[in-house]
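J.: have a look at this prediction, sequence included:
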Amino acid sequence: MTMDAYPLATLEDVRQIIGASSPTTALKVADSLDAMSIDFVRRAPFLMLATADESGMPDVSPKGDEAGFVAVEDERTLLIPDRKGNRLIFGLQNILKNPQVSVIFLIPGTEETLRVQGRASLTADPAVLERLSARGQPALLAIRLAVDKCFFHCAKAFRRSRLWQAEAWPPKYRVSFGKQMAPRFGGDEKLADQIDQMIEDDYKQNL
């Protein structure tokens, strides 16, 4: 491991570089969802859910569906559906051990994002799962998020990355699970193609 000649070990070290936050900036942080936050959640088709296990090892899971797929129960409670996936359930396992989570909501084309932090729990309440139905199927389970903190994040990262500017996008990158996984099974390109086809079929049949 390379030794860092310029380590930053304290908050003071970091503040000397970043500077102090503005008192007005701190005012944007709230302990519940206001009308604009609720409207943003109802328009968002995508979110990233950050969790951590009991030792602090983090994980981030993408979740998405039609806009409004996350239900707003009230200004302090959100219901996030969990649907068919890879069944690794890293995030769900983490919630069982450590309920502290964070979420970023995104709306395509909107450069600001909504950040929500709070305490999560899991429920299999049939009424909740039915409320979170999509494509004629109830959610498999739901994450109930009790809001402790929320705020809108400014657009600078999106403007720097030009994330929503199609003319700045690189050529589409194709992820081949087959090419990644086939060698682990001692397989060849034929197996890689079979794995990719299985995954494509799963995308079509198991949303």
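T.: Received the coordinates, thanks. Numbers count the residues shown, from 1 in each chain.
J.: what is the spatially most central residue of the chain paired to in the beta sheet?
T.: The centroid of the chain falls nearest to residue 48 when counting by C-alpha atoms, centre = their mean (0.8 Å). In this entry, residue 48 is beta-bridged to residue 62, residue 104, by DSSP bridges.
J.: tell me the first helix or strand C-terminal of the least confident helix or strand in the chain by mean pLDDT.
T.: Least confident helix or strand, the chain: helix 23-26 with a mean of 82, by mean pLDDT, DSSP states H and E. Once the chain leaves helix 23-26, the next helix or strand it forms, by DSSP states H and E, is helix 35-43.
J.: packing partners for the longest helix belonging to the chain?
T.: For the chain, the helix that runs over the most residues, judged by DSSP state H, is helix 189-205. Packing partners of helix 189-205 (3 or more C-beta pairs under 8 Å, 6 or more residues apart in numbering; DSSP states H and E): helix 177-181. Every C-beta, even on glycine, is put in place using the N, C-alpha and C of the backbone.
J.: now the helix it packs on: buried residues?
T.: Of all the residues in helix 177-181, those buried under the rule 16 or more other C-beta atoms under 10 Å are residue 178.
J.: what's it packed up against?
T.: helix 189-205.
J.: other residues contacting the helix it packs on?
T.: 176-179, 181-182, 185 (C-beta atoms under 8 Å, 6 or more residues apart in numbering).
J.: so which of the residues you listed comes closest to residue 13?
T.: Checking the contacts of helix 189-205 against residue 13 with C-beta to C-beta, the nearest one is residue 177 at 41.8 Å.
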